[in-house]
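Peer 1: prediction below, plus the sequence it came from.
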Amino acid sequence: MARTPADRKPVSAVIALLLLAPVPTVGVAAALHAAPGTAGRVVFGAAKLWLLLFPAAWYLVIQRGRPSWSPPARGGLGVGAAVGAAMAAVVVGAFWVVLRGQIDPLPVRQAAAEMGLAAPAAYLAGAVSWILFNSLAEEYVWRWFVLEQLRSLLPGSLAVAGSAALFAVHHTVAMAAYLGTPQVVLGSLAVLLAGACWSLLYLRYDSIWPGWISHVVADIAVFVIGWQLLFSRTPFDG
């Protein structure tokens with residue numbers, strides 16, 4: 001998607017944000033906290049579908065924008081990969097130094113079993129799908145649509161902070177289902193900072209693709225840790 005028209009009205013941006021930003025949190029809260037099971041999964045699926053369809057519909061119909069695949073005309077793919085590698089190193093390092101032995105793998109394994117990811121092959125298939133496609137969806141939603149709406153309301157730095165904060169909320173709710181408070185706080189801070197970095201990449205290169213490359217590399221580290229928690233008796237202890 002290309003940048004939204006510069007003459008859009010702030011009221012339109014506020015309405016768009018109100019209709020979109022709370023939706024992933026509602027989906028996660030329903031699936032993991034309020035109504036685990038079939039009902040929660042239905043709400044979660046509906047929320048995902050809304051996240052995918054609403055930004056494009058709003059942009060094309062309400063804002064009358066032109067479709068675009070957000071070409072990285074300014075480059076930035078190498079920078080994105082480097083930023084992702086740095087994030088991955090921080091994630092693995094934080095787990096190794098701070099969190100190793102503090103995370104109970106049992107709730108994680110139970111959650112994986114409920115999602116059909118308890119077998120290594122299923123986990124790998126799910127990881128590939130999440131790493132490649134969920135990261136792209138999040139860049140499309142949070143770094144393109146949400147950030148652009150916020151830019152019509154706030155200065156650039158505040159728009160970046162706002163987009164990162166909104167991006168972090170549903171991740172915090174998800175982590176709270178499996179992790180203790182210290183781990184949730186640390187994880188939420190990591191998501192917040194990552195979201196800010198990806199927003200800055202979007203602003204610098206006017207494309208979602210540098211942020212997506214970075215997101216992919218960082219997510220690989222997350223799923224490596226997930227593998228250790230699920231399939232190793234003593235994660236990262238050899």
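Peer 2: On my side now, so go ahead. Residues are numbered from 1 along each chain as shown.
Peer 1: show me where pLDDT drops low in this structure?
Peer 2: Judged by pLDDT under 70, the chain has its weakly predicted residues at 1-8, 233-238.
Peer 1: flag every buried residue along the helix ranked longest in it.
Peer 2: Counting by DSSP state H, the longest helix found in the chain is helix 181-205. Within helix 181-205, the residues that qualify as buried by neighbour count (16 or more other C-beta atoms under 10 Å) are 183-184, 186-188, 190-192, 194-203, 205. Every residue, glycine included, has its C-beta placed from N, CA and C.
Peer 1: by contact count, what packs against that helix?
Peer 2: Contacting helix 181-205 under the criterion 3 or more C-beta pairs under 8 Å, 6 or more residues apart in numbering; DSSP states H and E are the following elements: helix 77-94, helix 147-151, helix 156-175, helix 209-231.
Peer 1: which one of those lies closest to F54?
Peer 2: helix 147-151 (11.6 Å; C-beta to C-beta).
Peer 1: coming back round to it: run the chain-centre distance for the longest helix of the chain.
Peer 2: Relative to the centre of its chain, helix 181-205 is centred 9 Å away, using C-alpha atoms, centre = their mean, to the nearest Å.
Peer 1: distance of the spatially most central residue of the chain from P22?
Peer 2: With distances taken as C-alpha atoms, centre = their mean, the residue of the chain nearest its centroid is E138 (5.0 Å). When C-beta to C-beta, to the nearest Å is applied, the distance between E138 and P22 equals 16 Å.
Peer 1: quick one on the thing from earlier: in contact with the residue nearest to the centre of the chain, which residues?
Peer 2: F167, H215 (C-beta atoms under 8 Å, 6 or more residues apart in numbering).
Peer 1: got the contact list for the closest residue to A161 other than its chain neighbours?
Peer 2: For A161, ignoring the flanking residues on the chain, the nearest one in space by C-beta to C-beta, 6 or more residues apart in numbering is A196 at 6.7 Å. By C-beta under 8 Å, 6+ apart, the residues touching A196 are V160, A161, S163, A164.
Peer 1: quick check: A196 vs A190, distance?
Peer 2: When distance is defined by C-beta to C-beta, A196 is 11 Å away from A190.
Peer 1: one more: V42?
Peer 2: In this structure, V42 and A190 are separated by 30 Å, where distance is defined by C-beta to C-beta.
Peer 1: again with A118
Peer 2: Taking C-beta to C-beta, one finds A118 at 26 Å from A190.
Peer 1: for R109, same thing?
Peer 2: In terms of C-beta to C-beta, R109 sits 22 Å off from A190.
Peer 1: again, but for A73
Peer 2: Per C-beta to C-beta, A73 is found 30 Å from A190.
Peer 1: next, the contact list for the closest residue to Q102 other than its chain neighbours, please.
Peer 2: Across the structure, with C-beta to C-beta, 6+ apart as the measure, the residue nearest Q102 apart from its sequence neighbours is Q183 (6.7 Å). Residues in contact with Q183, defined by C-beta under 8 Å, 6+ apart, are L99, Q102, I103, M175.
Peer 1: do I have it right that L200 meets A161?
Peer 2: No: taking C-beta atoms under 8 Å as the contact criterion, L200 and A161 are not neighbours in contact, 10.7 Å apart.
Peer 1: need the three-state assignment for R66.
Peer 2: The three-state label given to R66 by DSSP: H, G, I helix; E, B strand; the rest coil is coil.
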